[in-house]
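> Pasting a predicted model and its sequence here:
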Amino acid sequence: MSLKIGGFQRNTLIDFPGVVASLVFTQGCNFRCPYCHNPSLISLPIFESPTTYNSSTLPNNNNFKLTNNTLNLIDESEILAFLKKRKGLIDGVAITGGEPTLQPTLESFCFKLKNMGFKVKVDTNGSRPDVIENLIKRELVDFIAMDIKSNKEGYRYLIGASEQIGVEEKIDIKNSNKHALNKTLNFSLIIKSIKLIIKQSPAYEFRTTCVKPFITSEIMPEIGEMIKGASKYVLQHCSRNVRMFNPLFFQKNNPYPDPFLSDDELAHIRLIVKPYVQECLIR
């Protein structure tokens, strides 16, 4: 069984701090964030099925396709062959998604990369702390970036919301259970991942894509308490002009006329959360 890869970017200078890297996009996510910029990576693959790979050349990061509900996945061996040829030009590999920790072969893939001499970064939503812990204990990861989505109520909404989130009524994250499709994720897993990363990860950052109503000035103190003591926290704008998982979220049913935060609003939020962490940046 190999890693289910939905996209690949040969070179990146921004996704792995201080490292010239390649970027691997894994297929499948257990969250349903309406503002997700990689919607074709959300569908979970059937891990027992053979990989489909129809491209004669190594795809770039725009090769995210769903054709007749069949995932066009990139063969892991193609990625490893490319990386082997680029040793000395590329120093690391960042693994993002989707949600990489859902992949049964993530540890194996990281081991292969480390054995080839590459540094490894893993992006995660923090829903599987046991996987994160194993990666750290086995020294298979050099950097972890964890997304902080919202407060507890916001997570309940993002984890369990249907694909038509916000269509029938205005978003109310405090009454999110009525939208639930998946109630199996305990919020304590998110907190466990945060504490684990702070205490044990070789290097890390927490980051938040700022979108109302999941990120507001009222919610930020709760997030501050969640990540209290972290060495680095990054706030980032949500891009407007990209393909998103649920564009309807940004239309009339969102309780905020403009869910996107302005520069001033982001700066204000930074001031609120800054006392909780050692460093807070806007990216």
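Thanks, I have the structure now.
> drop to CA atoms for contacts and neighbour counts, all remaining ones
Noted.
> show me where this structure has helices.
Under the criterion DSSP state H, the chain carries helices at the ranges 76-85, 106-115, 129-137, 152-160, 187-200, 220-226, 263-273.
> Ok, which of those comes nearest residue 22?
Across the helices of the chain, residue 22 has its closest neighbour in helix 76-85 (8.2 Å, CA to CA).
> buried residues in that closest one?
For helix 76-85, the neighbour count (16 or more other CA atoms under 10 Å) marks 76, 79, 83 as buried.
> how about stretch 26-34 as CSV, C-alpha atoms only?
Presented in CSV, the C-alpha positions along stretch 26-34 are these (Å, rounded to 0.1, in the frame of the first residue of the first chain):
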residue,chain,number,x,y,z
THR,A,26,-2.4,13.7,0.2
GLN,A,27,-6.0,12.8,-0.7
GLY,A,28,-8.8,12.8,1.9
CYS,A,29,-9.9,14.9,4.8
ASN,A,30,-12.2,14.4,7.8
PHE,A,31,-13.1,18.1,8.1
ARG,A,32,-15.5,20.0,5.9
CYS,A,33,-14.2,23.6,6.1
PRO,A,34,-16.3,25.6,3.7
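> Quick check: residue 97 vs residue 125, distance?
Residue 97 sits at a distance of 10 Å from residue 125 (criterion: CA to CA, to the nearest Å).
> As JSON lines, the helices of the chain with mean pLDDT and distance to residue 282 would be great.
What follows is these, written out as JSON lines (pLDDT from 0 to 100; distance: least, CA to CA, whole Å):
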{"stretch": "helix 76-85", "mean pLDDT": "96", "distance to residue 282": "32"}
{"stretch": "helix 106-115", "mean pLDDT": "98", "distance to residue 282": "29"}
{"stretch": "helix 129-137", "mean pLDDT": "98", "distance to residue 282": "26"}
{"stretch": "helix 152-160", "mean pLDDT": "82", "distance to residue 282": "21"}
{"stretch": "helix 187-200", "mean pLDDT": "96", "distance to residue 282": "20"}
{"stretch": "helix 220-226", "mean pLDDT": "98", "distance to residue 282": "14"}
{"stretch": "helix 263-273", "mean pLDDT": "97", "distance to residue 282": "8"}
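> can you tell which of those is closest to residue 14?
Nearest of those to residue 14, taken as CA to CA: helix 76-85 at 18.1 Å.
> Residue 92 contacts residue 116, doesn't it?
No: between residue 92 and residue 116 there is no contact under CA atoms under 8 Å: 10.0 Å.
> any low-confidence regions in the protein?
Filtered on pLDDT under 70, the chain yields the residue ranges 46-71, 160-185, 252-254.
> one step back: who has more neighbours, residue 92 and residue 116?
Shown here are residue 92 and residue 116; by other CA atoms under 10 Å, residue 92 has more neighbours (26 against 13).
> give the contact list for the more buried one.
Residue 92 makes contact with 16, 19, 20, 21, 22, 118, 119, 120, 121, according to CA atoms under 8 Å, 6 or more residues apart in numbering.
> Residue 240 too?
Shown in contact with residue 240 (CA under 8 Å, 6+ apart): residue 260.
> rerun that using 7 Å as the cut-off
Taking CA atoms under 7 Å, 6 or more residues apart in numbering, we find residue 240 in contact with no residue.
> Need the contact partners of stretch 208-218.
147-150, 154, 234-238, 256, 259-261, 269.
> quick one: which of the residues you listed has the most company?
The most crowded member of the contacts of stretch 208-218, judged by other CA under 10 Å, is residue 150 (26 neighbours).
> excluding its backbone neighbours, what's nearest it?
Spatial nearest neighbour of residue 150, excluding adjacent residues (CA to CA, 6 or more residues apart in numbering): residue 214 at 5.2 Å.
> picking up where we left off before, would a markdown table of the contacts of residue 92 with distance to residue 274 be doable?
As requested, the contacts of residue 92 are arranged in a markdown table below (distance: CA to CA, whole Å):
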| residue | distance to residue 274 |
| --- | --- |
| 16 | 23 |
| 19 | 26 |
| 20 | 29 |
| 21 | 29 |
| 22 | 31 |
| 118 | 33 |
| 119 | 30 |
| 120 | 28 |
| 121 | 25 |
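> Look at residue 153 and say how many residues are nearby.
Residue 153, neighbours per other CA under 10 Å, totals 17.
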